[in-house]
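1. What follows is a predicted protein model with its sequence.
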Amino acid sequence: MAVRSQAAAVKPERSRLNGSWPQSKPKPPPAKPKPKPKLAPKPKLAPKPQPTQPPQTQPPQTQPQQTQPQQTQPQQTQPQPRPTVAPQPKPQAQPASPGPAAIAPTAGGAGPLGPPWPDHLTAADAIVPSVALYQAPGQPAGKTLSNPTWEGLHLVFLVRQDQGEWLQVQVPTRPNGATAWVKRSDVSTRSVPNHIVIERSARRITVYHGGQPILQDIAAVGKAGTPTPIGNFYVDGTAKPYNPNGPYGVYQVSFTGFSDVYTSFGGGVGEVAMHGTNQPGLLGTPASHGCVRLSNETVTRVVNLAPTGTPVQVVP
């Protein structure tokens, strides 16, 4: 910087304000009005205490924030009406009434078809929308059965007697073993090759062809308080549950035995079934509400061996 001051004797310094060269040298000395900064009354900065006053107003701004949480308290009282959802048991009223009306059985009801068991038995499939029932040939019972059934299954009977234009059949209604007469023209007959015997005390199921066993396995039967009904029945429907890993396993094979304890169960009319299980460890024990539980492998074989109309005998 000292070198540049010496050169200033030849050329004056350039002004930093406008970039022009000054016209005369004497003008820089009057720029000495250093007393002017003395006139700048720095004490005027004293009004600084004024900005200190606004921070006094800031704390009251925090006070209304304390009132805001009070508004959230009434919101906690709104979820109290939730217990109004409690009346769910109303839809649980199980529609036992949609099932067919009970039919008065003929004298003695349906007895066993064996032994000796024939190699083939006869089933009858309804071919009309509604099948009229008769107490005897030509004597109306005043009742009909819909086809398909209220469960959406095809209506099927087990033939007990054949009298030409009339058939005595076992019907899928209460009481257990009920029979009635139907017109042959209302049904189509076919043969079924096998029959099933379920032994409650032995907790065992056996599928026979005539007198020859073709399948045998352990089963879980009804508990003492909800026993599997004893009697002579027949398979009237097969269904595949939506969840094969659920309590009914891979198949349900219903037969026309109705519980002596339940008039309705699970939305049905208390009809029992053979079905699979997701608790195979309970097989061989009295564990059910009346149904007959089988392993999923065994119930699959039963489906193939026992079409609708297959006789089912449950013995003590």
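-> Sure thing, it's come through. None of the values given here were measured: they were computed from a predicted structure. Numbering: from 1, shown residues only.
2. where exactly do the strands run in the stretch 151-300 of the chain?
-> In chain order, the stretch 151-300 of the chain shows strands spanning 156-163, 166-170, 179-183, 187-192, 195-199, 204-209, 212-218, 221-222, 231-239, 252-258, 271-275, 286-288, 292-293, with DSSP state E, counting those that start in this stretch as the criterion.
3. Out of those strands, flag the one nearest residue 136.
-> Set against residue 136 and scored by C-beta to C-beta, the strands of the stretch 151-300 of the chain come closest in strand 179-183, at 6.0 Å. Backbone N, C-alpha and C define where each C-beta goes, glycine included.
4. before we move on, back to that, could I get the strands of the stretch 151-300 of the chain in TSV, plus columns for distance to residue 313 and mean neighbour count?
-> As requested, the strands of the stretch 151-300 of the chain are arranged in TSV below (distance: least, C-beta to C-beta, whole Å; neighbours: other C-beta atoms under 10 Å):
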stretch	distance to residue 313	mean neighbour count
strand 156-163	12	20
strand 166-170	12	23
strand 179-183	16	22
strand 187-192	14	16
strand 195-199	5	21
strand 204-209	10	19
strand 212-218	13	14
strand 221-222	14	24
strand 231-239	5	23
strand 252-258	10	24
strand 271-275	13	25
strand 286-288	18	19
strand 292-293	12	28
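5. Adding distance to residue 305 and mean pLDDT, write these out as TSV.
-> Formatted as TSV, the entries for the strands of the stretch 151-300 of the chain read as follows, by distance: least, C-beta to C-beta, whole Å; pLDDT from 0 to 100:
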stretch	distance to residue 305	mean pLDDT
strand 156-163	16	96
strand 166-170	20	98
strand 179-183	25	98
strand 187-192	10	98
strand 195-199	8	98
strand 204-209	5	98
strand 212-218	6	98
strand 221-222	20	98
strand 231-239	10	96
strand 252-258	10	97
strand 271-275	12	96
strand 286-288	22	96
strand 292-293	15	98
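6. Tell me which of these sits nearest to residue 149.
-> Each of the strands of the stretch 151-300 of the chain has some distance to residue 149 by C-beta to C-beta; the shortest is strand 231-239, at 7.8 Å.
7. packing partners for that closest one?
-> Strand 231-239 makes packing contacts with strand 156-163, strand 166-170, strand 252-258, strand 311-315 when contacts are defined by 3 or more C-beta pairs under 8 Å, 6 or more residues apart in numbering; DSSP states H and E.
8. Rebuild those strands as a markdown table, extending it with distance to residue 200.
-> Listed next are the helices and strands packed on strand 231-239 as a markdown table, based on distance: least, C-beta to C-beta, whole Å:
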| stretch | distance to residue 200 |
| --- | --- |
| strand 156-163 | 21 |
| strand 166-170 | 21 |
| strand 252-258 | 12 |
| strand 311-315 | 7 |
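9. Out of those, the one nearest residue 122 is which?
-> Taking the helices and strands packed on strand 231-239 one by one with C-beta to C-beta, strand 156-163 is closest: 4.0 Å.
10. Name the spans of this structure whose pLDDT lies under the cut-off.
-> Filtered on pLDDT under 70, the chain yields the residue ranges 1-110, 267.
11. Right, I'll call it a day here.
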